[in-house]
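*Asks:* need a 3D model of the following:
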Amino acid sequence: MGMEYEPVPVPGQKKVGGGRAALKLLLAVLLAGFSLRLLADHCASYRLPPPAAPEEAAAFSVTAPAQDADGVDRTPVTPSGAAKCDLFHGEWVPDSSGPAFTNATCRFIEVPQNCMSNGRTDDGYLYWKWKPYGCDVLPPFDGNTFLETMRGKHWALVGDSILRNHAQSLVCLLAKVEDPTDAYHDKTWQSRRWHFPSHNFTLSLVWAPYLVKAEIFEDENGVSSAEPRLHFDVLDANWISQWNSFDYVIISTGQWFFKVAVYVENGAAVGCHYCKDKSLKEITIEQSFRRSLREAFRFITTSPHKPVVFYRTWSPSHFENGEWFSGGTCDRKVPFKPWQTGDRQLDNLMWRIERAEFAKAAADDGASNACRLKLLDTFEMSLQRPDAHAGPYRTFHPFAKENTGKVQNDCLHWCLPGPIEAWNDIIMQMLSKD
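*Replies:* All right, here's what the predicted structure looks like:
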């Protein structure tokens with residue numbers, strides 16, 4: 001179901017005794033607390049509470065809809081019981097307006113995500129919009145307003161290839177207003193920078209798939225010639241060397257932690273994940289993921305430079321009948337309903353870890369930096385879109401007669417245009433709240 005916590009019993013409530021005087025005192029305390037709540041930081045909805053104890057977990061969670069016996073969905077409610085607009089919990093609904101851009105109108109879509117140009121003939125995946133529970137379908141991203149608001153600013157997207165996917169979407173949306181110049185790229189084109197001169201706005205894509213320092217020996221097809229080496233106690237210089245120039249940062253990581261790797265600390269190997277050297281202790285995916293996030297958040301919360309930081313949550317894959325390396329496919333044509341996503345234990349585990357680490361970081365950052373750390377929780381909306389991955393259309397016309405090789409499916413990255421535009425719609429809403 002894509003929920004953060006496993007269902008647990010909610011502790012029973014105790015009755016409050018003490019007569020009329022005690023009741024008046026209790027009401028006074030509640031009214032004072034409510035008044036303070038009205039004055040509280042309006043950004044609290046984007047910052048998680050400290051991780052709940054197991055017996056309290058159900059009280060903090062917001063459940064996805066279930067179907068009644070008559071087939072009608074039940075609208076989720078907040079823990080207080082009142083219906084509330086929640087940008088991150090909802091479902092995809094049909095929408096006839098279509099995509100915000102196409103491969104014909106945007107030159108920044110890279111080949112592996114350019115599903116239209118690569119021969120995908122069905123276009124139903126383009127006609128859905130994200131509808132959060134308790135509010136209307138989100139208004140589309142407004143590039144004019146964004147660029148006017150962000151004059152002179154520098155945004156950076158830091159992370160792996162899903163962030164590159166996201167960066168392409170954002171550039172396409174902004175290019176409808178002003179065509180940017182290509183200001184920089186590294187030799188592999190994994191890190192890039194665009195400049196919008198009339199707005200003096202800069203958008204950087206920074207390749208840092210683990211966030212921590214990593215020695216990677218892999219080709220473009222994901223084939224490794226040696227085991228990656230991750231340094232738990234050293235952050236990737238690609239992003240921290242530029243940190244002071246960033247005004248806004250979108251950061252994420254995750255999928256690379258499933259790979260075989262050797263883990264290093266203080267210059268020495270301390271363990272590994274499925275490595276050849278059996279003398280090294282096994283370190284689980286959860287441990288390495290948590291450790292890397294903790295190191296990244298420690299830097300973010302202690303650095304004197306304080307940009308606004310969005311942490312984007314887990315982006316699940318939708319391989320069926322196998323995995324990336326074993327013939328897995330993703331050929332569904334419509335989104336999942338929330339109750340159709342299935343048992344995603346590993347996805348939910350990674351999601352819980354990053355939310356918990358974000359909550360700790362937000363608490364460490366303190367009230368003086370309220371609104372600076374924001375959780376861009378796209379997990380559930382991504383989990384419901386098995387229909388919008390590149391699949392076999394990661395390459396040009398994969399089923400053409402002249403292509404006789406094995407067809408490789410990509411059920412992790414997203415077609416462009418596609419669901420990622422909704423991520424940018426949400427960012428726009430989060431910025432408007434400020």
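*Asks:* what is the neighbour count of residue 325?
*Replies:* Look at residue 325: counted by other C-beta atoms under 10 Å, it has 10 neighbours. For glycine as for every other residue, the C-beta is placed from the backbone atoms N, C-alpha and C.
*Asks:* doesn't it fall inside a helix?
*Replies:* Yes. Secondary structure of residue 325 (DSSP: H, G, I helix; E, B strand; the rest coil): part of a helix.
*Asks:* distance between stretch 113-126 and the chain's centre?
*Replies:* 23 Å (C-alpha atoms, centre = their mean, to the nearest Å).
*Asks:* list the contacts of that stretch.
*Replies:* With contacts defined as C-beta atoms under 8 Å, 6 or more residues apart in numbering, stretch 113-126 is touched by 98-99, 102-103, 109, 111, 165, 168, 333-334, 385, 387-388, 390-391, 393-400, 413-418.
*Asks:* end-to-end on it?
*Replies:* By C-alpha to C-alpha, to the nearest Å, the extent of stretch 113-126 from end to end equals 14 Å.
*Asks:* with stretch 389-405 instead?
*Replies:* End-to-end for stretch 389-405, by C-alpha to C-alpha: 21 Å.
*Asks:* thought residue 409 was touching residue 391?
*Replies:* Yes. With contact defined as C-beta atoms under 8 Å, residue 409 reaches residue 391; the gap is 5.0 Å.
*Asks:* which regions of the stretch 51-200 of the chain lie under the pLDDT threshold?
*Replies:* Scanning the stretch 51-200 of the chain for pLDDT under 70 picks out the ranges 51-83.
*Asks:* could you pull out the strands for it?
*Replies:* Counting by DSSP state E, counting those that start in this stretch, the stretch 51-200 of the chain has strands at residues 90-94, 128-132, 154-159, 181-185, 192-196.
*Asks:* most packed of those?
*Replies:* strand 154-159 (a mean of 25; mean count of other C-beta atoms under 10 Å).
*Asks:* now the angle between strand 192-196 and it, please.
*Replies:* 160 degrees (axes from the mean of the first three to the mean of the last three C-alpha atoms, to 10 degrees).
*Asks:* centre of the chain to strand 154-159, how far?
*Replies:* 13 Å.
*Asks:* tell me which of the strands of the stretch 51-200 of the chain sits nearest to residue 141.
*Replies:* strand 128-132 (11.9 Å; C-beta to C-beta).
*Asks:* ok, and what's touching the closest one?
*Replies:* Taking C-beta under 8 Å, 6+ apart as the rule, strand 128-132 contacts 85-95, 97, 137-138, 335, 381, 419, 422, 425-426.
*Asks:* also stretch 146-156?
*Replies:* For stretch 146-156, the external contacting residues (C-beta under 8 Å, 6+ apart) are 174, 177-178, 196, 199-206, 239, 242, 245-250, 428, 431.
*Asks:* how about a cut-off of 6 Å?
*Replies:* Contact with stretch 146-156 is made by 177, 199-204, 206, 245-249, as judged by C-beta atoms under 6 Å, 6 or more residues apart in numbering.
*Asks:* now it, how far from the chain's geometric center?
*Replies:* On C-alpha atoms, centre = their mean, the centre of stretch 146-156 falls 21 Å from the chain's centre.
*Asks:* give me the number of residues near residue 309?
*Replies:* The tally of other residues near residue 309 (other C-beta under 10 Å) stands at 26.
*Asks:* just to be sure, it is in a strand?
*Replies:* Yes. Under three-state DSSP, residue 309 falls within a strand.
*Asks:* circling back to that earlier point, show only the entries of the contacts of stretch 146-156 found in strands.
*Replies:* When those are checked against strands (DSSP state E), the matches are 201-204, 206, 248-249.
*Asks:* nearest to residue 321 among those residues?
*Replies:* For the ones in strands among the contacts of stretch 146-156, the nearest to residue 321 is residue 206 (35.0 Å; C-beta to C-beta).
*Asks:* mind putting the contacts of stretch 146-156 in a markdown table, neighbour count included?
*Replies:* A markdown table is the format used below for the contacts of stretch 146-156 (neighbours: other C-beta atoms under 10 Å):
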| residue | neighbour count |
| --- | --- |
| 177 | 17 |
| 199 | 20 |
| 200 | 13 |
| 201 | 23 |
| 202 | 22 |
| 203 | 22 |
| 204 | 22 |
| 206 | 26 |
| 245 | 12 |
| 246 | 20 |
| 247 | 15 |
| 248 | 18 |
| 249 | 22 |
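*Asks:* okay, these in TSV with distance to residue 313 next?
*Replies:* Converted to TSV, these look like this (distance: C-beta to C-beta, whole Å):
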residue	distance to residue 313
177	28
199	29
200	31
201	26
202	25
203	21
204	21
206	19
245	25
246	20
247	22
248	17
249	15
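*Asks:* before we move on, back to that, out of residue 409 and residue 391, which sits in the busier spot?
*Replies:* More crowded of residue 409 and residue 391, by other C-beta under 10 Å: residue 391, with 26 against 23.
*Asks:* many thanks, we can stop here.
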